[in-house]
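Asks: Quick one, what's the 3D model for this:
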Amino acid sequence: MDRPTLLTAPAIEAFIRDLPKVELHVHLEGSMQPATLLELARKHRVERIPTTIEGIRDWYAFSDFPHFIDVYLTSVEALRDEEDFALLAADVAARLAAQNVRYAEVHVSLYGHMMRGVPAAVVFAGIEHARVEAERTHGIRLRWIPDFPGDYGAGAGEETLDAVLAHRPDGVIGFGVGGIEVPRAPFADLFARARAAGLRSLPHAGENGGPERVREALDLLHAERIGHGIDAMRDPALVDRLRESGVPVDVSPTSNLRTRAIEAIEDHPLPRMLEAGLVVTLNTDDPPMFGTDLLNEYRTAHRLGLGAGDLALLARNGVAASFLEAPAKAALTAEIDALLAEHGG
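Replies: The predicted structure is shown next:
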């Protein structure tokens, strides 16, 4: 790692602000701002959601990961029609663009909507409208990763994949599994079918389920990136495998703190992951639920001891790990390198 003392605090803040970024692990529904959630909850008269912005912010104080999942699933009850999904996706795009995020691959909890009777076609119509408009208005490019909660079983995954294949819009690039980390073996055939249909394998693994979930994601789901993956650091052989294979790991430090995956931000393994030579990307996961955004995640990385060169490396890793086409990757990487050179890196 380079030395974080090379730039003053105002200079590092300007560097973070101006750094071209991608975001590869962020959830659409988990990006719903309290004001938007309040508006939609009132529109649809969702009684389990707090009735003030302050109440929603207090509601986002999670005791553990299962508590977070419960709040997350309750909040999505406010999303009912095409307009709701378009509103949310448009807000997410605008907020990302304001942070100089040029491209994002966004997880969509498709099964969470289908199980409430919201058709996949409605979800896709709303978010695709916002995606096309966001590129025209803000210049940001969005892509979608529909997923399902693993703890709901393989049947939920089959229903989700069937809906994706039946209604797949241009913006869908991958398929994922999240929720509480259960063994991944039951999903092997499901992910094989998704890959055969041209979808990228982008599962969550190793957030709090141990190194074995990461191994399963690699061996059984043929993961092309690992969502979270911090538990891999508990297994030196797995760290070696990730380094040698170059499979990227999408890390979200504040999320790990807020869901109690780590006890203190100083305990986060991000610096050790970089020192081990892993391809690490920096992300927010569910930003308003965790009181963060991507700028704050870069500030957090800096507080963990990473200098401007390391922050640029995280940004370059994000570009390299994305599914942007090669010319766009080259252009973004050149911008990152030029900014680092401008700041003396």
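Asks: which residues are contacting the lowest-mean-pLDDT helix or strand in the chain?
Replies: Using mean pLDDT, DSSP states H and E, helix 65-75 stands out as the lowest-scoring helix or strand of the chain, at a mean of 89. Contact with helix 65-75 is made by 29-30, 32, 37, 48-49, 59-60, 62, 109, 112, 149, 179-180, 207-208, 258-261, 286, 289, as judged by CB atoms under 8 Å, 6 or more residues apart in numbering. (C-beta placed from N, C-alpha, C; glycine too.)
Asks: chain center to the next helix or strand along the chain from that helix: distance?
Replies: Per DSSP states H and E, the first helix or strand lying C-terminal to helix 65-75 is helix 82-98. Here the centre of helix 82-98 is set off from its chain's centre by 15 Å, with CA atoms, centre = their mean, to the nearest Å.
Asks: Buried ones in helix 82-98, by neighbour count?
Replies: Residues of helix 82-98 classed as buried: 82, 84-93, 95-97 (neighbour count, 16 or more other CB atoms under 10 Å).
Asks: now for the helix or strand hosting Asp310, which elements pack on it?
Replies: Element membership of Asp310 [criterion: DSSP H and E] is helix 308-321. The helices and strands touching helix 308-321, judged by 3 or more CB pairs under 8 Å, 6 or more residues apart in numbering; DSSP states H and E, are helix 9-18, strand 21-27, helix 270-275, strand 280-282, helix 294-303, helix 326-342.
Asks: Among those, which comes closest to Met233?
Replies: For these, the distance to Met233 is smallest for helix 270-275, at 6.2 Å, taking CB to CB.
Asks: mind listing what's buried in the closest one?
Replies: Neighbour-count burial for helix 270-275 flags 270, 273-274 (criterion: 16+ other CB under 10 Å).
Asks: can I get those residues in a markdown table with distance to Val319 and pLDDT?
Replies: What follows is the buried residues of helix 270-275, written out as a markdown table (distance: CB to CB, whole Å; pLDDT from 0 to 100):
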| residue | distance to Val319 | pLDDT |
| --- | --- | --- |
| Leu270 | 18 | 98 |
| Met273 | 18 | 98 |
| Leu274 | 16 | 98 |
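Asks: Looking at these, spot the one nearest Ala130.
Replies: Leu270 (31.1 Å).
Asks: residue contacts, the closest one?
Replies: 251, 253, 280, 282, 301, 304, 306.
Asks: Enumerate every residue touching the third one.
Replies: Applying CB under 8 Å, 6+ apart, one finds that Val280 lies in contact with 248-249, 251, 270, 273-274, 314, 317.
Asks: now swap in the second one and tell me
Replies: Taking CB under 8 Å, 6+ apart as the criterion, Pro253 is in contact with 265, 268, 270, 282, 297, 300-301, 304.
Asks: Weed out the non-buried ones from those.
Replies: 268, 270, 282, 297, 300-301, 304.
Asks: Would you reformat these as a markdown table and include distance to Gly344?
Replies: Shown next, in a markdown table, are the buried ones among the contacts of Pro253 (distance: CB to CB, whole Å):
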| residue | distance to Gly344 |
| --- | --- |
| His268 | 27 |
| Leu270 | 23 |
| Leu282 | 22 |
| Glu297 | 23 |
| Thr300 | 22 |
| Ala301 | 19 |
| Leu304 | 21 |
